[in-house]
Each structure stands twice: as structure tokens, then as C-alpha cells.
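Novice: requesting a structural model of the entry that follows:
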Amino acid sequence: MADDRPFREWTLEQLAEHAAQHKTDRVLLSQLMIETERRPGARAKVMARRIENYLSAILTKLPGKGAPPEEMRRYLAIAAEEIAVLRKRLADAEAELKQLKETPADGSQHARVYLAPNAPLWLIVEARRAFRRRYHPDKQTDPAKRQNAEEIFKRAEAVFATIEGKEEE
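Specialist: Below you'll find the model as predicted:
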């Protein structure tokens, strides 16, 4: 994950200085552009426009018809590298999206035991105790109620174990 955003800890001033030093590097400027677009604020928008101007200046210098074949091959190789990087990022984003769809949201576990997703640990502990008091199988004398309470008790314990496991991380 750290490789996806190598500039995330840099300040806008550092990003601006780096962009100014590397005005001709399309790949680096593209990465800096992505990072500045993720940042909030007017300064970040101004910085993104500046990088966009650097990129447009590079694009106007692209070889046209009649350019030497070596120069065209060099630009095609650069474009192929950029395409490979973008395909990898797209595959990573699709995999992350698929994983997000498959895993239930954190709030769903909390909702199963009537808690808010941002519930403090003390409230989670108290809710667990309340579930134990109410649904413990030994408190039920009727066999049908006992079996139902046992199922609810086991499911609630599993949910609380999951929630407390996430809280400790």
C-alpha cells in the first residue's frame, strides 16, 4: 500500500518543489498530480493546475509526423510503461473493491447486537454482559426456550468476540 502513494507524507511545498525540479518527467508528474488531487484545499488545487500545466507543456513537445523513428520508439516505450502502471492500479482497485463487497461492513457486526459502530469499549463490554444475563441457557427451565436461548447466546458471543478482536487491533 505504501508503494501506491509514495508522496502521501510530503507537504504541498515539497510536492511543488519536486514537480518544478522534474518538469520533463511525465510519469513522476502524473504521480504528483494524483497525489495533489487527493488533497483538500485551495492550495492543493492550485498545485494540481501547476502540475497540469507542466504536463501539457510536455505533451505539446511530442513528436509529430516526420519525427525520427528512434524518438517515436522512445515515446511509445514511455507510453507502454504508463499503460502497464495504470493497468496494475486498475487491477488493484478492482481487487480492493471486490474485497470490500465480499466483507461485511464493520457496522453490521455492531448492529447485530444493537450497538453503534463507534461504540466505546466499555459499552461493548456492558452489552455483552447484558446478553449473557438475558440469554444464558442455564437460566431457562423450558427446553424449547433453553435451545433458542443457547443459539442466541452462541451467536452473540461470536459477534462480541469479533468486535472485541477488531477493537484490540
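
Novice: show me what the lowest-mean-pLDDT helix or strand in the chain is packed up against.
Specialist: Scoring the helices and strands of the chain by mean pLDDT, DSSP states H and E places helix 106-112 at the bottom, with a mean of 71. Where contact means 3 or more C-beta pairs under 8 Å, 6 or more residues apart in numbering; DSSP states H and E, helix 106-112 is packed against helix 143-168. Placement of C-beta: from N, CA and C, glycine included.

Novice: by contact count, what packs against the helix it packs on?
Specialist: helix 106-112, helix 121-135.

Novice: got TSV for the ones you listed, with mean neighbour count too?
Specialist: Below are the helices and strands packed on helix 143-168 laid out as TSV (neighbours: other C-beta atoms under 10 Å):
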stretch	mean neighbour count
helix 106-112	15
helix 121-135	14
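
Novice: can you put those helices in a markdown table and add distance to residue 42?
Specialist: Output for the helices and strands packed on helix 143-168, formatted as a markdown table (distance: least, C-beta to C-beta, whole Å):
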| stretch | distance to residue 42 |
| --- | --- |
| helix 106-112 | 33 |
| helix 121-135 | 39 |
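
Novice: quick one: which of these is nearest residue 83?
Specialist: Nearest of these to residue 83, taken as C-beta to C-beta: helix 106-112 at 36.1 Å.

Novice: show me how far the closest one is from its chain's centre.
Specialist: 20 Å (C-alpha atoms, centre = their mean, to the nearest Å).

Novice: list the contacts of it.
Specialist: Helix 106-112 is contacted by residues 116-117, 119, 155-156, 159, 162-163, 166 when judged by C-beta atoms under 8 Å, 6 or more residues apart in numbering.

Novice: the same query, at a cut-off of 7 Å, please.
Specialist: Outside helix 106-112, the residues within contact range by C-beta atoms under 7 Å, 6 or more residues apart in numbering are 116-117, 119, 159, 162-163, 166.

Novice: most neighbours out of the residues you listed, which is it?
Specialist: residue 163 (22 neighbours; other C-beta atoms under 10 Å).

Novice: I figured it was touching residue 123, is that so?
Specialist: No. Here residue 163 lies out of contact with residue 123, judged by C-beta atoms under 7 Å, at a distance of 10.8 Å.
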